[in-house]
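Whatever this is, show me its structure:
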Amino acid sequence: MESRSTFDDELLYVAALLHDIGIAEPFDNHTLSYEEAGGHIAVALTTGAGWPRDRRVRAKDVIVRHNWAAVDPSTDLEGYLLEAGTALDITGARSGDLPSSFVNEVLKKYPRLTVAHEFTACVSAQAERKPSTAAQCR
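Next up, the predicted model:
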């Protein structure tokens, strides 16, 4: 993939909206990891929206890659942005890269409360039920 400095905001939005849907009980696939299940849901929904095949596959790839330890922005900018954003949201990763006044302002307006604990519990439950998925490695 060619390096670029802009991202597909619609693709990133759809991936961000659906990236953890596979954790929700109605969409919890019995064999696939939650990110793979979410990717397949994204393909189905974007097919209905008339997206071309390559873009539907990109949506799935971005969702799957958000759980990678790192995504190279020069090869997948949307995947990088989703991975970085979700890591910041759940664990606070790289929060030191942002101005502390900005972080404090965001957390005041949108406190994270128990989201990390709830997310960890969901992933742990999937890891117990599906030990061959990526959830087991977290």
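
Show me the shaky parts of the chain.
Along the chain, segments meeting pLDDT under 70 span 1-4, 135-138.

can you give me the helices in it?
9-18, 34-48, 53-65, 77-91, 100-109, 115-129 (DSSP state H).

out of the ones you listed, nearest to Pro26?
helix 34-48 (10.4 Å; Cβ to Cβ). Heads up, the C-betas are built off the backbone N, CA and C, glycines and all.

what comes into contact with that closest one?
Applying Cβ atoms under 8 Å, 6 or more residues apart in numbering, the contact partners of helix 34-48 are 14-15, 18-23, 27-29, 32, 55-57, 59-61, 63-64, 66-67, 122-123, 126, 133-135.

cutoff 6 Å now
The set of residues external to helix 34-48 that reach it, using Cβ atoms under 6 Å, 6 or more residues apart in numbering, is 18-19, 21-23, 29, 56, 59-60, 63-64, 67, 126.

from the residues you listed, which two are the most distant?
Greatest spatial distance among the contacts of helix 34-48 (Cβ to Cβ): Arg56 and Gln126, at 24.3 Å.

residues near Asp28, how many?
The local packing of Asp28 (other Cβ atoms under 10 Å) involves 17 other residues.

With adjacent residues omitted, what lies nearest to it?
Leaving aside its chain neighbours, Asp28 sits nearest to Gly22 (6.3 Å; criterion: Cβ to Cβ, 6 or more residues apart in numbering).
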